[in-house]
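Novice: Structure of the sequence below:
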Amino acid sequence: MSPSPLSIPGMIYVVVLILLCLMPDQSSSSSPTLTITPRILQKSGDTVLIEWSNMSSPSSLDWLGIYSPPDSSHDCFIGYMFLNTSPSWSSGSGSISLYLTNHRSNYSFRIFRWTQSEVDLTRLDDDHNPLPGTSHLLSQSEPLGFATGRGPEQVHLAFTDMESEMRVMFVAEDAEERYVRYGEREKKMNEVVMAHVERYERDDMCDAPANTSVGWRDPGWVFDGVIKCLKKGVRYYYQVGSDSKGWSKTHSFVSRNEDSDETIAFLFGDMGTVTPYSTFLRTQDESISTVKWILRDIEALGDKPAFVSHVGDTSYARGYEWLWDQFFVQIEPVASKVAYHVCIGNHEYNWPLQPWRPNWAKTIYGTDGGGECGVPYSLKFHMPGNSSEPTGTHAPATRNLYYSFNNGVVHFVYISTETNFFPGSSQYNFIKHDLESVDRNKTPFVVVQGHRPMYTTSNDKKNAPMREKMLEHLEPLFVKNKVTLALWGHVHRYERFCPLKNFTCGSIGFNREKWEAFPIHVVIGMAGEDWQPVWAPRANRPNVPRFPQPQRSMYRGGEFGYTRLVATKEKLILSYVGNHDGAVHDMVEILASGQVLNNGGGGGNMSRVTACSKAEFEVADSKFSRYVKGASLLILGAFMGYVLGHISRTRKVNSPRKTWTRVNTEGSMKHRLH
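Specialist: As a prediction, the model looks like this:
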């Protein structure tokens, strides 16, 4: 029987409908195109361009995950960025440029869709923001790698116990033999020493996140070479690496000279590092400025030796291994030129089962170390001396706890506030013997450094028991042995005190009254971390400061920055340099006798704030100096008003005084405070 005319269109309609159903839905199932340029980077700090297109129904919650190694599970990204950081994101196309650090493994990038209904308020980052979800992968890039044969990275120097030596440390991707070659001329580096190699594993970590798949990454191999028989105060050129694996670029340093009549150092605490992407932890944006201003000062010194002192809370990795890589790459421009010295802080060490945890410290020693239990700190740095404490686990003992060295006219002492400092302990015995053994004719100044402060006006109750124990056990040693300066971190501010003994300012003896040289305590934890204590009054109680400034507090600064120490046989000068202008905000001058010539008032005037000539601290003509000069123009108008007001407030205190008067505070400066 022939089909009826009406049934033929019906059959065609059904066939067409079936075909349409079988066709892919371009609006819902097509994947965005994700490309990267270039596919090979030459070195850490080089930039990759990440581009995407064909993104359907773009959402402000769409995000890019950064992965290294590429086979990491979706939730084990090292960083992320939302696609709406690209101006054209709403069109479905866009691009992001990122500088990347070589983690000795390839990278890959993934685009995810994240919806509001999937926001998990139990999975938060350091700022209590929800971490993005990974349920809906939209696209994944090809892998990105780093070129081989360019030699190791993360080069940093340190003094040893011998004046005629310099330690050179670096990181490479394998344990094959590496060397340090060096010489007094850049074109003739004929001397070679083999570097010792060490490594730590995931099982060495004691807690999360350091020993989890989220936090752990291959740390590479840590190499440690010691250059010997150096002449005093001579510039040496060096490279690290090998013929088979490649050599680093050429670096140089000026060797140590304990006979010098001048000492120069750059000192700070709590700096950290910064990443170009968001990650599980807040990183420290201001650390970039701190490094660049110090680099300016080092380049301006020419062939004068100097060193850096970082008093705890170094990388703020806190169990996320790749942040150590970021930190060492960031400091390499400085740390490859001068010795970089550290002491241990809570964010390198603390974990719940640490061996020394007395009852009074239960609220103090917590989980700040992110499960690292001091292991990366112990192997990535190698300080003078041989101090160590067992971890109580199968992990290697914690090293670099307390040590000292002479540098020119200053004796520097480093201590650990995270391990036992009570009488009878190895550390207490070291501090006591060391301070009693200083030859004040050779080194008239003594500078002690540790992480948690003995004195601070940010008197949080949590750390009060620690300060009480330090005052009980350590201050008598400092006073008896006439310590010149005690420098501390932990509080992310700058604060300088009068010469102190048991909360009381000592006389400075300018009017022939009886006096005694007491230590001047200075908190210098302002190098980068911005979880800062707020000194300004609360809005609802404008006349009640959160932390009143007592008479013993000579200066409190809210400006990120660092301190610069310059000493001769006659006088030591400590200056507080601010990051927003590179100028001096506070300064104290101390004679070898312990008398204080200047109790403060920087005002940003560079003339005569150091024992060096003005020309020695002119900004070096470098890429950095051109950058900061340009940036300075942008802030000049706002800054001049501040400077004029600051100078007028501090001019009256520029002459010596018999009694101590609180000088100034920058607590009202507008920073992001938490």
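Novice: Please count neighbours and contacts with C-alpha atoms only from this point.
Specialist: OK.
Novice: Which residues outside stretch 373-390 are in contact with it?
Specialist: Outside of stretch 373-390, the residues that reach it under the criterion C-alpha atoms under 8 Å, 6 or more residues apart in numbering are 158-161, 169, 198-200, 204-207, 222, 341-342, 344, 348-351, 354-355, 391, 395-405.
Novice: Quick check, pLDDT for the residue lying closest to Thr115 once chain neighbours are set aside.
Specialist: Spatially, and ignoring its direct neighbours in sequence, Thr115 is nearest to Leu61 (6.6 Å; C-alpha to C-alpha, 6 or more residues apart in numbering). You'll see Leu61 listed with a pLDDT of 96.
Novice: Now do the same contact list for Leu61.
Specialist: Leu61 makes contact with Phe82, Leu83, Asn84, Arg113, Trp114, Thr115, Gln116, according to C-alpha under 8 Å, 6+ apart.
Novice: Tell me, how many residues neighbour the first one?
Specialist: So the one you mean is Phe82. Summarising burial for Phe82: neighbours were counted as other C-alpha atoms under 10 Å, giving 20.
Novice: Is it bridged to anything, and to what?
Specialist: Trp63 (DSSP bridges).
Novice: Mind pulling up the pLDDT for it?
Specialist: If you check Phe82, the pLDDT there is 97.
Novice: shouldn't it be in contact with Ser59?
Specialist: No: here Phe82 does not reach Ser59: they are 9.6 Å apart, not a contact under C-alpha atoms under 8 Å.
Novice: Now the phi/psi pair for Ser426, please.
Specialist: Note on Ser426: backbone dihedrals following degrees, to the nearest 10 are phi -60, psi -40.
Novice: Equivalent analysis for Val329, please.
Specialist: Here the main-chain torsion angles of Val329 (degrees, to the nearest 10) amount to phi -70, psi -40.
Novice: Which helix or which strand is home to the nearest residue in space to it that is not next to it in sequence?
Specialist: Nearest in space to Val329, with sequence neighbours left out and distances taken as C-alpha to C-alpha, 6+ apart, is Gln154 at 5.1 Å. In the assignment (DSSP states H and E), Gln154 maps to strand 153-158.
Novice: show me what contacts Gly241?
Specialist: Per C-alpha under 8 Å, 6+ apart, neighbours of Gly241: Gly151, Pro152, Arg178, Tyr179, Val180, Trp247, Ser248.
Novice: partners of the residue nearest to the second one when sequence neighbours are not counted in the sheet?
Specialist: When you say that, I think you mean Pro152. Computed as C-alpha to C-alpha, 6+ apart, the closest residue to Pro152 that is not its neighbour in sequence is Ala172, at 5.0 Å. Partner residues in beta bridges with Ala172, using DSSP bridges, are Trp221.
Novice: now, which of the contacts of Gly241 sits nearest Glu436?
Specialist: Closest approach between these and Glu436, by C-alpha to C-alpha: Val180, at 37.2 Å.
Novice: ok so, going back, which among the contacts of Gly241 end up buried?
Specialist: Among the contacts of Gly241, those that count as buried by neighbour count (16 or more other C-alpha atoms under 10 Å) are Gly151, Pro152, Arg178, Tyr179, Val180, Trp247, Ser248.
Novice: Phi and psi next, for the second one.
Specialist: In this case it means Pro152. The main-chain torsion angles of Pro152 are listed as degrees, to the nearest 10 and equal phi -70, psi 170.
Novice: dump the residue contacts of Trp324.
Specialist: By C-alpha under 8 Å, 6+ apart, Trp324 lies in contact with Ser315, Ala317.
Novice: Same question for the one 10 residues further on.
Specialist: Contact partners of Val334, counting by C-alpha under 8 Å, 6+ apart, are Val291, Ile294, Leu295, Ile298.
Novice: just Asp126 next, same as before
Specialist: Under the contact definition (C-alpha under 8 Å, 6+ apart), the residues listed for Asp126 are Phe280, Leu281, Arg282.
Novice: ok, now Glu165?
Specialist: Glu165 makes contacts with Phe159, Val226, Ile227, Lys228, Cys229, Leu230, Ser255, as judged by C-alpha under 8 Å, 6+ apart.
Novice: before we move on, the earlier item: sitting in helices, which of the contacts of Val334 do you find?
Specialist: Judged by DSSP state H, the subset of the contacts of Val334 located in helices is Val291, Ile294, Leu295, Ile298.
Novice: out of those residues, which one sits closest to Gly489?
Specialist: Val291 (16.9 Å).
Novice: roughly how far apart are the closest one and Ala539?
Specialist: Note on Val291: its distance to Ala539, by C-alpha to C-alpha, to the nearest Å, is 35 Å.
Novice: if you count what's nearby, which of the two comes out ahead?
Specialist: More neighbours sit around Val291 than around the other of Val291 and Ala539, counting by other C-alpha under 10 Å; the figures are 23 against 8.
Novice: Touching, that one and Ile331? I think so.
Specialist: Yes: under the criterion of C-alpha under 8 Å, Val291 is in contact with Ile331, at a separation of 6.7 Å.
Novice: List the contacts of the closest residue to Gly183 other than its chain neighbours.
Specialist: Using C-alpha to C-alpha, 6+ apart and skipping residues adjacent in sequence, the residue nearest Gly183 is Met189, 4.1 Å away. Met189 makes contact with Arg181, Tyr182, Gly183, Tyr237, Tyr238, according to C-alpha under 8 Å, 6+ apart.
Novice: just checking, what packs against the helix or strand hosting the second one?
Specialist: This points to Tyr182. Element membership for Tyr182 (DSSP H and E) is strand 179-183. Here strand 179-183 is seen to pack against strand 191-194, strand 221-227, strand 235-242 when contacts are counted using 3 or more C-alpha pairs under 8 Å, 6 or more residues apart in numbering; DSSP states H and E.
Novice: ok, the longest one: who's next to it in the sheet?
Specialist: By that I understand strand 235-242. If you go by DSSP bridges, strand 235-242 pairs up with strand 179-183 (antiparallel), strand 246-247 (antiparallel), strand 251-254 (antiparallel).
Novice: Tell me the helix or strand right after the helix or strand containing Ile431.
Specialist: Assigned by DSSP H and E, Ile431 belongs to helix 426-436. Toward the C-terminus, helix 426-436 is succeeded by strand 445-450 as the next helix or strand (DSSP H and E).
Novice: got the angle for that following strand vs helix 426-436?
Specialist: 170 degrees (axes from the mean of the first three to the mean of the last three C-alpha atoms, to 10 degrees).
Novice: Spatially nearest residue to Arg185, not counting backbone neighbours?
Specialist: Nearest non-adjacent residue to Arg185, counting by C-alpha to C-alpha, 6+ apart: Tyr237, 6.4 Å away.
Novice: Now do that neighbour, the pLDDT please.
Specialist: We note a pLDDT of 98 for Tyr237 in this prediction.
Novice: backbone phi and psi for Trp348, please?
Specialist: To be clear, residue 348 is Glu; Trp isn't right here. Dihedral angles (degrees, to the nearest 10) for Glu348: phi -100, psi -20.
Novice: Going forward, count from 57.
Specialist: In the new count, where the first residue is 57, that last one comes out as Glu404.
Novice: looking at it, it is touching Arg374, isn't it?
Specialist: Yes: checked against C-alpha under 8 Å, the pair Glu404 and Arg374 is within contact range at 6.9 Å.
Novice: Overlap of the contact sets of those two?
Specialist: Shared between the contact lists of Glu404 and Arg374 (criterion: C-alpha under 8 Å, 6+ apart) are residues Asp424, Gly425, Glu428.
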